[in-house]
Every structure is written in C-alpha cells, then in structure tokens.
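Undergrad: A predicted structure for the sequence below; I have some questions about it.
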Amino acid sequence: MTEDTFTLDAKIPEGPIQEHWDKHKFDAKLVNPANKRKYKIIIIGTGLAGASAAATLGELGYEVEVFTYHDSARRAHSIAAQGGINAAKNYPNDGDSIFRLFYDTVKGGDYRSRESNVYRLAQVSNEIIDQSVAQGVPYAREYGGLLDNRSFGGAQVSRTFYARGQTGQQLLLGAYQALARQIELGTVRLHNRSEMLDIVTKDGRAVGVIIRDLVTGEVTPHSAHAVMLATGGYSNVYFLSTNAMACNGTAVWRAHRKGAFFANASFTQIHPTCIPASDEHQSKLTLMSESLRNDGRIWAPLEEGDYRAPNNIPEEERDYYLERQYPAFGNLAPRDVASRAAMRILDENKGVGPLKNGVYLDFKDAIARLGKAKIEERYGNLFEMYERITDEDPYSVPMRIYPAPHYTMGGLWVDYNLMTTVPGLYALGEANFSDHGANRLGASALMQGVADGYFVIPYTIGEYLADWLNISPVPTDDQAFTEAVAEVDERTERFLSINGNRSVDDFHRELGKIMIEYVGLARHRDGLQKAITEIKAVHEEFWKDLKVLGTADSLNQSLERAGRVADFLEIAELMAIDALNREESCGGHFRLEHQTEEGEARRDDEDYAYVAAWEWKGENWPQTLHKEQLEFEYVALSQRSYK
Amino acid sequence: MDLSLKVWRQTSQDAPGEFKTYEAKDVSPDASFLEMLDEVNEHLNGIGEEPIAFDDDCREGICGMCGVMVNGHPHGPQDGTATCQLHMRKFSDGDSITIEPWRATSMPVIRDLIVDRAPLDRIVEAGGYISINTGAAPDANVITIPKEAAEASMDAASCIGCAACIAACPNSAANLFTAAKIGHLSLLPQGQPERWSRVVAMVETMEEYFGSCTNFGECETACPKNISIDFIAMMNRDFVKAQFKNVTKTGQ
C-alpha cells in the first residue's frame, strides 16, 4: 500500500453548519432555463436516486438519458425496502428536530461520516415527505387523516414514515411515476434492459458510457456533458445477502478503474433481522424489516444447547439479551450493535432453529397487548413473506432471525456536490459513501436516495455544467469511445473463450464464503490477510476455469453474471485491504483486536477519523490511499452508548 | 424429491420455440421454485447446454420481475404468491411440472421464459401519475386523508406489475393492472385534479395493446398481491363518467 498526503477537497461550505446548504445553493452557478436543454446528462440506474434525479432534471429542462438493466424502471431494488423513511417533521411532538436527526445519524454512523453532508440530509428530509405525499405515496395514516410515525433503531423518537411494510415500493413507484411523466413529455429517454459496462473519460473528465443491450448484445457508446451513477451497493459480494440477484458493483468499479476514488470499501452493514439460511442451495437471504423490532422482542434460550420448541421454553429461561444489555434502546439498538449481540449468542452455542443459526423475534407480548388484527395491519405482508419462506406461522411461533449482509456504506468518494474525483462523474444514493459513516441507521437509505436525486443533485450539477455552455458532448466516434467499445468487446470475448469447467455462480459462492468468514461481522488481521490471499487465488482461477456458454450477440444471463462477478472479485480484495488498513473498530467494521471490555467497538479517533479513499493504480495492486480528515464540530466524539 | 420438468425453450423472439424435458434430482422441499431452476441451470451449464433464461430479481415477491406459468397457473398453485416465493414443499416427489412464459400477443417471448412487458410502462406513461414537479409540494400534513382511503389506495398500489393478470386472462386484458394504478391515485385527494383525464388516457392506451375485459375474474385469482377486481369496476365507472358527462372539460 502506498499513501498520499494529498488532501481531498470535499468542497464543504464555510460558516455555521445550519447555513452551509443555503449558502452553497446561493453561491452555486445557475444554468438559465433556456440553456438547460443544451446539456445532456446520462443517468445509470432507476432506483430511488436515479429515478428521482432523472425526473427532476427532466422537469428542469435538461436532456436526460437513463439506462436500467431491468425491463422496467420500477424494478430497481429500492422497491424491496420495507420499514420506512426518516424525516425530522416532529409530527408526534416527541422532541425531534433537524439537529436531532443530524445528531443521531452522525452518532449512529459511529463518527465516520461527513457532518456537513449529514446536516443537509436532515434538512431536506422534511421536503421528501412533502414531495412524496404530493405524488400520491399512500403512507400510513391516523384516524384523523394525518400521517402516522413509528420508531427505528438508534433513535428515541418516532420519525419514521411508512406505507405498511412496503415503503420502498411506494416511494419508488412515486419516483417511477414522476419519471414516466417526463418520458411522456419527452424530456427523458429511458433505455431498458441496458447495462453500463464502462465509463468513458477524455482529458480526465467523464464524457460518456458504454452500454450493452441485454437482448441483442449490441454494444454502443453514449456521450453526455455529465454522467451520474445511481447503481446501488455491492453487498452481493457476499453471494448471500438481502440484495436482489442482479445487484452488483460493476458501474462503481468501472468508474473506480477510470479514476474515481473508492471510499471506505470495508464499511458494510450486516442487518440483524433476516431469515436464517436453510440449506446449501440458498440463492439469497430475505430481510425482515427492522420495524418489527417496534413490537417484537428478541431473545435466545438462557442455557446453551436448549433445543426445546420456543413455546415450550418458559419465560424465566429466556434471555431477552438486547433489553438486558441495552436497557435505554432495548430491541431498538442500532443494527451493528444488534448484529454483534446476535453473533455472540451463536458463539455461546445458544443458536436456535434446525441449523442452530438464529435467534427468536417474538410477537407474543405484542399480540396479547394489541391484538392480532393490529399486528396484522402493521406487519401483515412481512409475516406472510416469512410464512412463505419458512412454512411457519409467526403469529403463533416466534420468528427466527439472523444477521445478513444488507447495505454498503462504502462507495465512490464524492464531494459536497456529489461529484467523484473524476470531473463530470457523479455518484448518488447507495453508490456513494458520504452520509452513513460506518453504520447506517434504519429508514435512512430511502431518505438518502431520494434526497440526492430530488433535492441535492439538481442544485449542485449547475456548478460543473456552467463551464461547458455551448460546447457539444464529445462525439461518439472519438477515439476515447472507440477504444472503450473495443475493450468491452474484448472482455466479453474473453469470458466466452475461457471454456473451463466451473460456472459463474460456483465462483461467486466461493468468494461469498471467504468474504462472510473473514470480512463479515467480525474481522481480524490474520483473517483479513488470509482473505486477500484466498480472493487472489479465486480470482486467478476464475480467469482460467470459468465456463460461460452461449454467444455475445443474444440474451445471455451467464455472460451478464460473469462480468459482475469478475468485478466483485476485485471489489472484494479492496474491501479486505481497506479493513486491514483500518486498525480500529467502528460501526459495522468490527476488528476483534479493537474492542472494549464489554465487546463494543473501540474507535481510534486520533489516527482513523478519516475517510479512506483508494485510487486505482492499474492491474498490479496495491492502490494508493488518500485520506480525507473528518472534522467534528457539532457532534462531540464519544464512545457510542445505547445502554 | 425428484421432478420432471417440461420447459419452454426459445432462443429469440423470432425463433420457433419448443418444450424440452429435464430431470430435477434431489430437490429440497425448502428450496424456492427459482432456486430449483438455478440448480437445473447449474447442471445444464455443466453438461454444455445453455441454461434456461428466466426473469427474476428481488426473490421476495416485491419487484415483479419474475413470473412463469406453472402447470398452466400464473406464478403456480399457491394463492397470493409470486413465483419467487413459491417453495418446492408445495410439490411432491415424482411430479411433472410444465413451465411456460406468459402468453399474450402484446408481450412476446424474448428468450425462453422471458417476455417483453414494455406496454405496461406505456400505460403508466399515458397518465399513471400526479403531475407535480419536485419542490412544489405543500406541507405533507396539509392534506388530510381518511385512513380508509389511504388503506384502499395502498391495496391498489400494492400491484407489482408482474403481468400475471394478463397471462391469466383468456382475452389477454390488462384491466386489473391498469385499474390498480388508477385506483391507487384516484382514491387519494392528490389524485383528483387529473382523475378524469387520467382514466381516459390510460384506458385508451391499454386498449391499444391489450384485449377487452369480459369479467372472467381470472386476473384476481392469479394476482400474487390479491388485488381485487373491484378496482376494475371503479375504473369502468370513472371511464364511463368521463365519457358521458364530459367531466374532462369541467374537471368534476
């Protein structure tokens, strides 16, 4: 590893934090309405961040072109977000405020996020609720007709707005509908079943992308003044995660290889409440919303090796361990804390279920208190989903849950404008790194995705575009594009010509096992070093023994997956390197060498209160580490406590 | 359990298709239907035959990407369940299972079990939204909405756009899909200003692509989200009202 003292300029505005965003918006260069149509913007991805950005930029008058690998913009994985979206409305009158949402988010992120970005996120959170209600998002209501709220982990106020257990679906449909309106009006062009396979740069700035049509296999260059990646996270590096099957890191990794720094790669979130794996052939894990922890109580048997059916274990022989260890937050302890507590239970040989790989989430008391009908109204679809997968009725038998990879806080490094280190290239939503630090709080992913798309990028994009007025995008017959197309073709040809013995999934599964073992919930120097060696070995084997059938000029799902797994193999190595570099524990990054006596994460603010932004230095690793020092002026650095 | 699968194979939209039979051995009852297909595909890849192409993504029954005909039933035998949520415990050892793509003229097969559902997006683009630009919204609690209206709207909004309703319909009608989107918006106060123009635009676009509804009700049975055909009645009522009372001009 080589280090560079080069200080990254995050372009954080001066002055009191409350005024940063207003001041920045005022200082930003504007593009007049008649000029906006002269600019072309490419957006990759149609999840919450991508669809909201595309719709809003279209409304403003920019010429927008959007690409999604799905058949429709409505399929993006934002749709699977269940529990809710945070905002500082303080409708329940329980003491919430913009500052408290900001404070909770910085603390929840274990002081590894950028204060100024988080404050802006809290500020625009209220506008998001207004906007989505106006779009027709059917949030849950009180009988008086006003909006209802519930609580999520890491907060002692009720600030989460929700639409049953389908909040992500409804927010995405709102953004999808806004996008559909712009498509109808002709300001936005959408290309479905189209996957971005490379970023094109010229003279150091982003000028376009290379797209493969997934139906015909045709590879085409597309040129624009600016490119935005809203392509989500890379949790599928673990193979088994709560992410959808197609979620991948290709867009961000291709951008990284073209000069965009990759920040805090090892900051991943292992979500405490997922349905445990049932066997070897499992293809993915399913999340059970954190909102269930409002009414469900988490417990494990007090004694190890207690294999009685849960309803046969008497009350006094149950250990409600979150309530015991964290009385102030109880079952609503933040995700990283709750996941590690579950891990300790399994380490103590107190796991439950056929494979002894879970803990209980019990609704008995809530059903007794509120009645089955109320629980059904709040969580009906989640209970149904659980029943479909496990064939057990959670109304009468406690759910079994266990932590699973869910979200990646790490991602492309961006400045306050959401621009990466490549001028003209932006990263929105989960694809960037900026707001969640080392641990994301529940119901904050939706908030950040739509904040970036609806309320941040439409203001900050002008700053870059203003300098390119009346300058056409680089033509697609430019050498930069023809070379990029040739590279993509060559890579595709390589996948098809290896002709080995092993399928893409086989390699992916092997990589996933290494990652969950050594770069998962708990990490150790020796394990991380071992992981790097093993990842390299799998990587080498991949290019020797991969077997992809079919052709490049047709719909070929194995070929699609091959490209994604090839990139996962490189991302995995950077994750391990990043985890090894960070000699401290913080949030979801838990180094066994650095823990308090109670087994909580021990940060090292002296040496590691920085963003680790990695620069690609060619096929021969290592990469160069750049540091962005994090300043905490408004939230005092302290040992996080939820006791 | 061991199963015999009869699967529709078709290499492209223009190529002729055919059923091919595959054996699925040692299938776990805890596997999902798509995990069972994953295993078959791993086997096919191993013996040099191209894997079966099928659409899927979230595998939680919410993205609407998956969906095949299982023994003639859209999404298979279990009510209120998308293909990805269907588990093999619903089948028995020795079963023969026929797996086909959705069949409708407006949704041609792209490859194997994958069809082109783009017309559904065209219907939404015709008016399935509330026309409001970002930044122009009033405070969220200015609009009060009766809890019952919000719940009914949410029932309609639960549609995942999978197109099972169309596949189930003998007429290949898209009325349940269209009515769900219209119901979602027209049950809310925010949806009122465009209520009449929306229903006309969306119904007319729907009819460009799909057949007419003759009240078979198969769509409701096939819907993995149990969306009620009451929404079709509501859509029809609004459509007729919009036509005969000239409400599109008066706005009410």
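TA: Nice, I can see it. Numbering: from 1, shown residues only, chains lettered A, B, ... in the order given.

Undergrad: State the helix or strand in which the residue in the stretch 351-500 of chain A positioned nearest to chain B lies.
TA: In the stretch 351-500 of chain A, the residue that lies nearest chain B is A:Arg388 (4.4 Å; CB to the nearest CB). Backbone N, C-alpha and C define where each C-beta goes, glycine included. Using DSSP states H and E, A:Arg388 falls within helix A:372-390.

Undergrad: Next up, the contacts around residue 18.
TA: Using chain A here. A:Tyr119 (CB atoms under 8 Å, 6 or more residues apart in numbering or on different chains).

Undergrad: hm, I was asking about chain B
TA: So B:Glu18 contacts B:8-10 (CB under 8 Å, 6+ apart).

Undergrad: Could you tell me which of those residues belong to helices?
TA: Counting by DSSP state H, these place none of their members in helices.

Undergrad: quick one, phi psi at the residue in the stretch 51-200 of chain B that chain A sits nearest to?
TA: The nearest approach of the stretch 51-200 of chain B to chain A comes at B:Thr144, 3.2 Å away (CB to the nearest CB). Main-chain torsions, B:Thr144, degrees, to the nearest 10: phi -90, psi 140.

Undergrad: what's the answer for B:Cys213, then?
TA: Per degrees, to the nearest 10, the backbone of B:Cys213 is at phi -80, psi 130.

Undergrad: burial of it, as a residue count?
TA: Using other CB atoms under 10 Å in any protein chain shown, B:Cys213 has 21 other residues around it.

Undergrad: what bits of the stretch 101-250 of chain B have low per-residue confidence?
TA: The model of the stretch 101-250 of chain B has pLDDT under 70 over residues B:245-246, B:248-249.

Undergrad: ok so, going back, could you measure from the residue of the stretch 51-200 of chain B closest to chain A over to A:Ile85?
TA: Distance check for B:Thr144 against A:Ile85: by CB to CB, to the nearest Å, it reads 20 Å.

Undergrad: Likewise for A:Thr105?
TA: Relative to A:Ile85, A:Thr105 is positioned 13 Å away (CB to CB).

Undergrad: Double-check A:Val538 against A:Lys513; I have them as touching.
TA: No - with contact defined as CB atoms under 8 Å, A:Val538 does not reach A:Lys513; the gap is 9.8 Å.

Undergrad: The two: which has the busier surroundings?
TA: Set A:Val538 next to A:Lys513 and count neighbours by other CB under 10 Å: A:Val538 wins out with 18 against 15.

Undergrad: what about that one, distance to chain B?
TA: As judged by CB to the nearest CB, to the nearest Å, A:Val538 and chain B stand 18 Å apart.

Undergrad: quick one, phi psi at that residue?
TA: In this entry, A:Val538 is assigned phi and psi values of phi -60, psi -40 (degrees, to the nearest 10).

Undergrad: wait, what's in contact with it?
TA: A:Val538 makes contact with A:507, A:510-511, A:514, A:569, according to CB under 8 Å, 6+ apart.

Undergrad: ok, and what's touching the host helix or strand of A:Ala206?
TA: Element membership for A:Ala206 (DSSP H and E) is strand A:205-213. With CB under 8 Å, 6+ apart as the contact definition, strand A:205-213 has outside contacts at A:42, A:44, A:67, A:191, A:193-201, A:218-224, A:226-227, A:258, A:422-425, A:473-474, A:476, A:478, A:480-481, A:484-485, A:488, A:492.

Undergrad: mind listing which of these are in helices?
TA: A:480-481, A:484-485, A:488, A:492.

Undergrad: Ranking by neighbours, what's the top pick from those?
TA: Among the ones in helices among the contacts of strand A:205-213, A:Ala484 has the most neighbours (other CB under 10 Å), with 26 neighbours.

Undergrad: For that residue, report the pLDDT, please.
TA: A:Ala484 is assigned 98 on the pLDDT scale.

Undergrad: likewise the one 10 residues further on?
TA: Reading off the confidence values, A:Arg494 has pLDDT 98.

Undergrad: Repeat that for B:Gly251.
TA: In this model, B:Gly251 is scored at 64, pLDDT.

Undergrad: Just the element for A:Ala404, please.
TA: Assigned by DSSP H and E, A:Ala404 falls within strand A:399-408.

Undergrad: ok, that strand: who's next to it in the sheet?
TA: Its sheet considered, strand A:399-408 pairs with strand A:268-274 (antiparallel), strand A:359-362 (antiparallel) by DSSP bridges.

Undergrad: Same list (these) but as a markdown table, adding distance to A:Phe161 and mean neighbour count.
TA: Shown next, in a markdown table, are these (distance: least, CB to CB, whole Å; neighbours: other CB atoms under 10 Å in any protein chain shown):
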| stretch | distance to A:Phe161 | mean neighbour count |
| --- | --- | --- |
| strand A:268-274 | 20 | 29 |
| strand A:359-362 | 23 | 24 |
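
Undergrad: what's the nearest residue to the closest residue to chain B within chain A if we skip its chain neighbours?
TA: Residue nearest to chain B within chain A: A:Gly145 (3.2 Å; CB to the nearest CB). Excluding its sequence neighbours, the residue lying closest to A:Gly145 (CB to CB, 6 or more residues apart in numbering or on different chains) is B:Thr144, at 3.2 Å.

Undergrad: Name all residues that make contact with the one you found.
TA: Contact analysis of B:Thr144 by CB under 8 Å, 6+ apart lists A:144-146.

Undergrad: Isn't A:Ile375 up against A:Tyr395?
TA: Yes - at 7.3 Å, A:Ile375 and A:Tyr395 qualify as touching, with contact defined as CB under 8 Å.

Undergrad: Look up the residues that both of these two are in contact with.
TA: Residues touching both A:Ile375 and A:Tyr395 (CB under 8 Å, 6+ apart) are A:363, A:367, A:383.

Undergrad: Tell me if the helix or strand B:Leu37 falls within is near chain A.
TA: Using DSSP H and E, B:Leu37 sits within helix B:33-46. Yes - using CB under 8 Å from any CB of the partner chain, helix B:33-46 reaches chain A at B:34-35, B:38-39, B:42, B:45-46.

Undergrad: what helices or strands is that helix leaning on?
TA: helix A:504-518, strand B:18-24 (3 or more CB pairs under 8 Å, 6 or more residues apart in numbering or on different chains; DSSP states H and E).
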